[in-house]
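In: Mind looking at a prediction? Sequence and model below.
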Amino acid sequence: MSPEVLSTPVADAVKTGPDRARSRAQAARRRKVIVFAVRVLLLVAVLGLWETLSRAQVIDPFNFSMPSKIWDQIWTWVTHGTALGSLGEQIWYTLYEALLGWIIGVIAGVVFGIALGRIAFLADVLGPYIKVLNSIPRIVLAPIFVIWFGLGASSKVASAVVLVFFPVFFNAFQGAREVDRNLVANARILGASDRRVTLQVVIPSATSWIFTSLHVSFGFALIGAIVGEYIGATKGIGLLVAQSQGTFNAAGVYAAMVILAVVALAAEGLLTFAERRIFRWKPSESDS
């Protein structure tokens, strides 16, 4: 058999390799376009059905409002401001409370989660107390924080902290427990101290666990800030919701919810971007 005949399948495999990768990339792009289009169509269909049923009086437009009125309310807030001041000021105030509570809750959750994950004695001592605190409905703590810290930002930050802490803590704790023991053993053989093992082995290994909780925890931070503002505040999106409810303005309640959804989606996008930059080495779903 000649060498040319033997080399033909190899050459064909070399040629088809890039073609296969290119076709996969094109298929992934087409799928993203289709998914986005279906999402848009689904949203348009739901909003159109809602508008139609409200205008036809099938559902009560006073209680359920309609998308056109919600848009008018948002536009009024954007152009003329709210009764509490400009809309941007209300968004920033709520975002400030949520962001500060999120940062504090994440730091505390990571520190305690890693510490208890690494120190078994500490986990045995504090474990029952953490379980008891986690079993308390944290939303009911918001009125207590208002009594303790007043109507200012501190009570809202405290509500955000307690909502953020536990999901971050449990993920960091589990991430510290799931570290490859061989990596820890090799680091100790090379002379690494407990501090260096924690900083250079445990925390990097638990980072993916921690980032998983960050996506959920920022939404919890927004919930904590909104609930605190709803109970008692001087400004913020939660107070807009409370005032709209007090005046039976359903469009105002939905408009505030839409604004919160946009803020939450923007934060989710930033977290996803940061995660992709940090975990650039991980294969994407389309590559698997």
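Out: Thanks, I have the structure now.
In: In the stretch 151-288 of the chain, mark out all the helices, start to finish.
Out: Along the stretch 151-288 of the chain, counting by DSSP state H, counting those that start in this stretch, helices occupy 153-177, 181-189, 194-197, 203-231, 237-246, 250-278.
In: Could you pull up the mean pLDDT of the last one?
Out: Same thing as helix 250-278. The pLDDT scores in helix 250-278 average 83.
In: Give me the most central residue, this protein.
Out: Centroid-nearest residue in the chain, with C-alpha atoms, centre = their mean: residue 215, separated by 2.9 Å.
In: nearest residue to that residue other than its sequence neighbours?
Out: residue 271 (5.7 Å; C-beta to C-beta, 6 or more residues apart in numbering). All C-beta spots, glycine's among them, are computed from the backbone N, C-alpha and C.
In: any idea how far residue 134 is from residue 163?
Out: Relative to residue 134, residue 163 is positioned 11 Å away (C-beta to C-beta, to the nearest Å).
In: Same drill for those two, tell me which one is more crowded.
Out: residue 163 (26 against 14; other C-beta atoms under 10 Å).
In: for the helices of the stretch 151-288 of the chain, which one sits closest to residue 75?
Out: helix 250-278 (9.3 Å; C-beta to C-beta).
In: Dihedrals phi and psi, the closest residue to residue 55 other than its chain neighbours?
Out: Using C-beta to C-beta, 6+ apart and skipping the chain neighbours, the partner closest in space to residue 55 is residue 66 (6.8 Å). When read as degrees, to the nearest 10, the backbone of residue 66 gives phi -160, psi 160.
In: if I read this right, residue 66 contacts residue 52, doesn't it?
Out: No: using C-beta atoms under 8 Å, residue 66 is not in contact with residue 52; the gap is 9.0 Å.
In: Can you pick out the residue with more neighbours from these two?
Out: Per other C-beta under 10 Å, whichever of residue 66 and residue 52 has more neighbours is residue 66, with 20 against 12.
In: Report the contact partners of the more buried one.
Out: 50-51, 54-55, 251 (C-beta atoms under 8 Å, 6 or more residues apart in numbering).
In: which of the residues you listed sit farthest apart?
Out: It's 55 and 251 that sit farthest apart of these, by C-beta to C-beta, at 14.0 Å.
In: before we move on, back to that, export the helices of the stretch 151-288 of the chain to TSV and append columns for distance to residue 93.
Out: Shown next, in TSV, are these (distance: least, C-beta to C-beta, whole Å):
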stretch	distance to residue 93
helix 153-177	7
helix 181-189	45
helix 194-197	40
helix 203-231	8
helix 237-246	8
helix 250-278	12
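In: most tightly surrounded among these?
Out: By mean neighbour count, with neighbours taken as mean count of other C-beta atoms under 10 Å, helix 153-177 ranks first of the helices of the stretch 151-288 of the chain at a mean of 24.
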